[in-house]
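Visitor: everything below, folded, please.
(one chain, ligands or ions: 1)
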Amino acid sequence: MGELRGTHVPVLLERCLELLTPALELPGAVHVDFTLGLGGHAEAVLERFPEVVLVGLDRDTEALAHAGHRLARYAGRMHLVHAVYDELPRVLEELDLTEFHSGLFDLGVSSLQLDEADRGFAYAQDAPLDMRMDQTTGFTAEQVVNEYEPGELVRILRQYGEEKFATRVVSSIVRERQKGRITSTARLAELVKESIPAAARRTGGNPAKRTFQALRIEVNGELATLEAAIPAALDALAPKGRLVVMSYQSLEDRIVKRALTARTRSTGPVDLPVELPGTGPTLRLLTRGSEPPSEQEVAENPRAASVKLRAVERLDRHDGTTGAARERPRLSTTHGGQGRLRPGAREEGEGEA
Ligand SMILES: C[S@@+](CC[C@H](N)C(=O)[O-])C[C@H]1O[C@@H](n2cnc3c(N)ncnc32)[C@H](O)[C@@H]1O
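Guide: From the prediction side, this is the model:
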């Protein structure tokens, strides 16, 4: 196994730790890293919180092997599990745990997946068209590109890649695959480039970026998994527990925002002066809108450039979510005035695609 340690700077590490610290300091705290990757964030948690137990999930067996190697000295208080992150309930049950206190989702692709050319995630390097995060199962990008109906391919490129020239890209894919199977990332990247009008090619970086993003999302079922995973995580979050989610594109961030904000609002009748049992908010937002990285963070770690961070805290059981009806606060608890707005932070709904 190659030594990858040091090649990867964990994104917004200090901010994540700052937000999670009160939860990591709870007695018997369990931290779930839903996207263990190379274990950068997890290592910092284990190092700085000597009592914390880590449950680290990843669907990529190679990432788990690297993280296991890196974190070996903490073997006595960690469980690394090969799982898709929406499988948290099963994982917790198997570990005899009913809840966790601190959690982190650092979505997207790891440095390992991007840097190891043969995984097929990078449009800048030639490799077989694979793109599976879990190479032990599922279908590859090669199957999507060569076997999907053209209409379905157009939908994927539009919806998951926000590719304006989806029809043109798919027409050239279809012409090419009539001659022979498209098997390499370089050939696909070339086809995309040729299909995009020259004027559009001059802006917005590599024209293959959007097609590759769309294929990766399709191959890994990323959005549906995330949509199931956030509510599953919130259901298992202990009172006063905290969850931080970092997404790197607007489709993911929209799912995260919806899932988090839904639980910061009352589900009871709007005209009642009291909160009925079980209808009150169960979360409070720790960030207002999504937090972008600072310029310094981007300068130090270009992979942080597109990150959007959101964080929440699970309300205590006696904060009005259970038990008898209690008087509603006069002000909406959606933000509770407690979120700290960092310089440049976006308000809800702002900057959405
Ligand atoms: C950006 S990396 C995480 C990097 C990590 N925070 C670190 O410090 O090294 C994202 C990781 O999440 C994993 N991943 C993505 N989607 C997943 C899913 N649905 N279930 C489990 N792991 C997933 C990827 O395989 C990848 O290793």
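Visitor: any idea how far Arg263 is from the ligand?
Guide: 21 Å (C-beta to the nearest ligand atom, to the nearest Å). C-betas here are computed from N, CA, C, even on glycine.
Visitor: wait, that residue touches Leu283, no?
Guide: Yes: contact criterion C-beta atoms under 8 Å: Arg263 and Leu283 qualify, at 4.3 Å.
Visitor: so between the two, which is more surrounded?
Guide: Leu283 (24 against 21; other C-beta atoms under 10 Å).
Visitor: give me the most central residue, the chain.
Guide: By C-alpha atoms, centre = their mean, the mean C-alpha position of the chain lies nearest to Leu107, the distance being 2.5 Å.
Visitor: who touches both of Arg263 and Leu283?
Guide: When contacts are counted by C-beta atoms under 8 Å, 6 or more residues apart in numbering, Arg263 and Leu283 are jointly contacted by Leu234, Val312.
Visitor: any weak-confidence spans in the stretch 101-250 of the chain?
Guide: The stretch 101-250 of the chain contains residues with pLDDT under 70 at 204.
Visitor: for it, what lies in contact range of the ligand?
Guide: Asp106, Gly108, Ser110, Met133, Thr225 (C-beta under 6 Å from any ligand atom).
Visitor: which one of the residues you listed is nearest Arg168?
Guide: Nearest to Arg168 among those: Gly108, at 27.0 Å, using C-beta to C-beta.
Visitor: for the closest one, grab the count of nearby residues.
Guide: Neighbour count for Gly108, taken as other C-beta under 10 Å: 21.
Visitor: so how far is the ligand from Thr264?
Guide: 24 Å.
Visitor: so Thr183 is in contact with Ala127, correct?
Guide: No: contact criterion C-beta under 8 Å: Thr183 and Ala127 do not qualify, at 9.9 Å.
Visitor: who has more neighbours out of these two?
Guide: More crowded of Thr183 and Ala127, by other C-beta under 10 Å: Ala127, with 18 against 15.
Visitor: I'd say the more buried one and Asp118 touch.
Guide: Yes: judged on C-beta under 8 Å, Ala127 makes contact with Asp118 at a distance of 5.1 Å.
Visitor: so what's Thr98 up against?
Guide: Counted by C-beta under 8 Å, 6+ apart, Thr98 has contacts Leu92, Ala236.
Visitor: name the element it belongs to?
Guide: Following DSSP states H and E, one finds Thr98 outside all helices and strands.
Visitor: likewise Ala311?
Guide: Ala311 is located in strand 308-314, with elements delineated by DSSP H and E.
Visitor: near the ligand at all, that strand?
Guide: No: Strand 308-314 lies out of reach of the ligand by C-beta under 6 Å from any ligand atom, never closer than 12.5 Å.
Visitor: return the distance of that strand from the chain's centre.
Guide: The chain centroid and the centroid of strand 308-314 are separated by 12 Å under C-alpha atoms, centre = their mean, to the nearest Å.
Visitor: also stretch 251-266?
Guide: 13 Å.
Visitor: quick one on the thing from earlier: just checking, what packs against the strand holding Ala311?
Guide: Here strand 308-314 touches helix 13-24, strand 237-247, helix 250-262, strand 283-285, going by 3 or more C-beta pairs under 8 Å, 6 or more residues apart in numbering; DSSP states H and E.
Visitor: parallel or antiparallel, which strands does the last one pair with?
Guide: Here strand 283-285 is paired, per DSSP bridges, with strand 308-314 (antiparallel).
Visitor: relative to strand 237-247, how tilted is the partner strand?
Guide: Here strand 308-314 points in a direction 180 degrees away from that of strand 237-247 (axes from the mean of the first three to the mean of the last three C-alpha atoms, to 10 degrees).
Visitor: residues in contact with strand 308-314?
Guide: Against strand 308-314 from outside (C-beta under 8 Å, 6+ apart): 12, 15-16, 19, 22-23, 234, 237-248, 253, 256-257, 260, 263-264, 282-287, 290-292, 346.
Visitor: CA atoms only for it, dumped as PDB, please.
Guide: This file holds the C-alpha atoms of strand 308-314, laid out as PDB (Å, rounded to 0.1, in the frame of the first residue of the first chain):
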ATOM      1  CA  LYS A 308     -20.500  24.300   1.700                       C
ATOM      2  CA  LEU A 309     -20.600  23.400   5.400                       C
ATOM      3  CA  ARG A 310     -23.700  23.000   7.500                       C
ATOM      4  CA  ALA A 311     -24.000  22.000  11.100                       C
ATOM      5  CA  VAL A 312     -26.800  21.200  13.600                       C
ATOM      6  CA  GLU A 313     -27.300  20.200  17.200                       C
ATOM      7  CA  ARG A 314     -29.900  17.800  18.400                       C
END
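Visitor: nice, that's everything, thank you.
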